[in-house]
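sequence first, predicted coordinates after that:
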Amino acid sequence: DTVFNNDVTEFQKSYDGRNNEPVTLPVKIPLLLIHGAEGIAVGLSTKILPHNFNEVIKSCIAYLKDKPFSLYPDFSGGGLIDVSDYKSGKRGGKVRVRAEIQIIDKTNLLISSVPYGVTTTSLIDSILKANDSGKIKIKKIEDNSAEKIQINIALAKGISPNVAVDALYAFTNCETSISPNCCVIKNNRPEFLNAKDLLRESVDYAISVFKNELELEHSRLNERWHMSNLEQIFIDKKIYLDIESCDSWDSIISTIRSKIEPYATNLKRDISDEDLSKLTEIKIRKITKFDKDKHDKSINLLEENIREVENNLNHLKDYVIRFFDMILKKYSDLYVRKTEVATFDKVKASNVAISNKKLYVNKNEGFIGYSIKDG
């Protein structure tokens, strides 16, 4: 539906010259924006965050209708995201991403999602590290994740679950900050865009793909219409009988041309020798079973299709909007938003850190510290 069409794809030789490969795929949706991308090259890096399929397609329709639109990242792992400083994904912006942590009871917490770019293993390691350094106090941690994320945390005695949640956000990978950097290749040069610019570029490219497809379809329909009319004249006027006495290929072609041209005044292009050659390949069975009414209906249907394609070319934006509506209707149920957009305050580390060190004072000598022996 959206990514490949062999007929309108530009190909180039592969690196060893033995095969052909696409220069670019004729993609009709902003795939780069939906999937996201991350990479680094000499002196340049890119970090394009993934976005929700439904929201991207709706934004494409809004752009084609000259209406405003907004786009926020959506991660397959779910969680919470604060986009107040996203700046549409351009350089200098950032998003804060949090795991979802539920308080089960006074001593148990459940982590049901992990932030983008964080694995359950790295998350657990960061929690254990914070526990070892005394920033949080947990009794036990279990990873019961299968199809869904499920990390159970048992808190130490006397620890407030609300303070523990804030501590997890402050000292572990339960909260991360991501700085997007939308660097793309445009006209063989790197350019820094934002998410909205990238969507506009993608839709403009998609329009050119649709135009190429429609023009190709228009050409094919006209070619079929042309040959159908020639076949009808050739069979209906019994021109095939006139070539029985011809003793050379050239005389066959010239005979067909001279006999067919008086009836071919309504054709849209000149008759080529290749067209006449195709007429000689018509099977006897088709000639003997020729039904003029059925053939006329076939030509009329071709004419209807040609008019429809021409109308779509003349109203290209409306045609593309209808395509996006169709894609949305067909696939929207598969792509519900996973990440909840929220605003959350930054946790102040000093408010949630658990003090587990003893401070000693030597009043006589005036020293204060953690390692004084006789204080």
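Structure received.

partner residues bridging residue 21?
residue 12 (DSSP bridges).

count the neighbours of it for me.
If you count neighbours by other CB atoms under 10 Å, residue 21 ends up with 10. C-beta here means a position set from N, CA and C on the backbone, and glycine is covered the same way.

now swap in residue 15 and tell me
For residue 15, using other CB under 10 Å, the count is 8.

okay, buried residues for the helix or strand where residue 254 lies please.
Using DSSP states H and E, residue 254 maps to helix 249-260. Of the residues in helix 249-260, 252, 253, 255, 256, 257, 259, 260 count as buried by neighbour count, 16 or more other CB atoms under 10 Å.

my read is that the fifth one contacts residue 276, right?
Looking back up the chat, that one is residue 257. Yes: taking CB atoms under 8 Å as the definition, residue 257 is a contact partner of residue 276 at 6.1 Å.

so after the helix holding residue 254, what's the next helix or strand?
Next helix or strand after helix 249-260 toward the C-terminus (DSSP H and E): helix 273-279.

how close does residue 256 sit to residue 269?
Applying CB to CB, to the nearest Å, the value for residue 256 to residue 269 is 17 Å.

longest helix of this structure?
In the chain, taking DSSP state H as the definition, the longest helix is helix 195-236.

that one packs against which elements?
With contacts defined as 3 or more CB pairs under 8 Å, 6 or more residues apart in numbering; DSSP states H and E, helix 195-236 has these neighbours: helix 31-35, helix 53-64, strand 183-186, helix 249-260, helix 273-279, helix 292-314, helix 316-331.

residue 43 is nearest to which of these?
When those are compared by CB to CB, strand 183-186 sits nearest residue 43, at 10.7 Å.

and the nearest residue to residue 205 once chain neighbours are set aside, helix, strand or coil?
Using CB to CB, 6 or more residues apart in numbering and skipping the chain neighbours, the partner closest in space to residue 205 is residue 27 (7.5 Å). Look at residue 27: counting by DSSP: H, G, I helix; E, B strand; the rest coil, its state is coil.

so residue 152, which of the three states?
Classification of residue 152 by three-state DSSP places it in strand.

what is it paired to in the beta sheet?
residue 110, residue 142.

any idea which of the buried residues of helix 249-260 is closest to residue 73?
When the buried residues of helix 249-260 are compared for distance to residue 73 (CB to CB), residue 260 wins out at 63.6 Å.
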